[in-house]
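Asker: with the input below, show me the fold.
(one chain, ligands or ions: 1)
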Amino acid sequence: MFIGHFGVGLGAKQFAPRVSLGTLLLSAQLVDLLWPVFLLVGLERVRIDPGNTAVTPLDFVLYPYTHSLLACLGWGLLAGLVYFAARRDRRGASVVGLAVVSHWVLDWISHRPDLPLLPGGPKVGLGLWNSVAATVLLEGAIFGLGLALYSRSTRARDRVGGWSLWALVVFLAAGYIGNLLGPPPPSEKALAWVGLAMWLLVPWGYWIDRHRAPATR
Ligand SMILES: [Zn+2]
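Answerer: Numbers count the residues shown, from 1 in each chain. Just a heads-up that it's a prediction; the model follows:
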């Protein structure tokens, strides 16, 4: 899943208004942001395999440290604890931890059975990615709902607070469509570097959030 995770990050704001959008996007995408790091150091492996499912040209050969359920629970716990240590906000810390774990649940719906429960298996996955239409429909719905919740629970403080959010939406939608319609990545290395570049979306989230205030009703 791709934009669905961003939908979760956006929508989580409603449940933890004091947590910045940057932190929420980081949480919902944490294991996908760590993944390229593990690929580049050789601890996890992916293979370009056009047709692996209708949606992705990737064969997720090995990713126990980022994408096993056990590891994801561990990352979620760690993220929640770090957030609590920094902000002493129990509600915020719970939402951060849950957002991290939500990633695995959405990936479980999307992937074919290649997601390990424990680092060594067994592997599970409901295979939504076998259908482009069902994927776009579900991901689009999650993203739309998340965006609606975020824009309802915050309001722009200035002009930047308005267009920076919409620029993110356009960027993500364009990236998503490009992924679906474009050619597979030229190499595993190139894929990992593009994955690393996704870290830039985290400061983008902080930037948006700094220009928006909690909505008063
Ligand atoms: Zn993932």
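
Asker: burial measure for R155, as a count.
Answerer: 13 (other Cβ atoms under 10 Å). C-beta: built from backbone N, CA, C; applies to glycine.

Asker: in the chain, which spans are strands?
Answerer: Assigned strands in the chain, in chain order: 45-48, 58-62, 115-116, 123-124, 154-156, 212-214 (criterion: DSSP state E).

Asker: out of these, deepest packed?
Answerer: strand 115-116 (a mean of 22; mean count of other Cβ atoms under 10 Å).

Asker: excluding its backbone neighbours, what's nearest T154?
Answerer: R212 (4.1 Å; Cβ to Cβ, 6 or more residues apart in numbering).

Asker: once you drop chain neighbours, what's closest to W35?
Answerer: T66 (4.6 Å).

Asker: wait, that neighbour sits on L39?
Answerer: No - T66 is beyond contact range of L39, at 9.2 Å (criterion: Cβ atoms under 8 Å).

Asker: who in this protein is up against the ion?
Answerer: Applying Cβ under 5 Å from the ion, we find that the chain lies next to the ion at 32, 107.

Asker: any idea which residue is closest to the centre of the chain?
Answerer: Q29 (2.9 Å; Cα atoms, centre = their mean).

Asker: isn't that one right up against V100?
Answerer: No - checked against Cβ under 8 Å, the pair Q29 and V100 is beyond contact range at 9.1 Å.

Asker: residue ranges of the helices in this structure, please?
Answerer: Assigned by DSSP state H, the chain shows helices spanning 3-11, 21-40, 64-67, 69-87, 90-110, 132-153, 159-181, 188-197, 201-210.

Asker: highest mean neighbour count out of these?
Answerer: Comparing the helices of the chain by mean neighbour count (mean count of other Cβ under 10 Å), helix 3-11 comes out on top with a mean of 26.

Asker: tell me who's in contact with K189.
Answerer: Residues in contact with K189 (Cβ atoms under 8 Å, 6 or more residues apart in numbering) are L40.

Asker: for the remainder of this discussion, apply numbering that starts at 10.
Answerer: With the count now opening at 10, the last piece we talked about shows up as K198.

Asker: local confidence estimate at it?
Answerer: On the pLDDT scale, K198 is placed at 92.

Asker: tell me how far it lies from R168.
Answerer: 40 Å (Cβ to Cβ, to the nearest Å).

Asker: with G20 instead?
Answerer: Distance from G20 to R168, by Cβ to Cβ: 24 Å.

Asker: same question for L39.
Answerer: 31 Å.

Asker: now do W175
Answerer: To R168, W175 is 11 Å away according to Cβ to Cβ.

Asker: try G134
Answerer: Relative to R168, and taking Cβ to Cβ, G134 is found at 43 Å.

Asker: then T225?
Answerer: 19 Å.

Asker: returning to that earlier point: OK, contacts around the residue nearest to W44?
Answerer: 40-41, 43-44, 47, 53, 81, 84.

Asker: report pLDDT for it.
Answerer: pLDDT at T75 comes out at 96.
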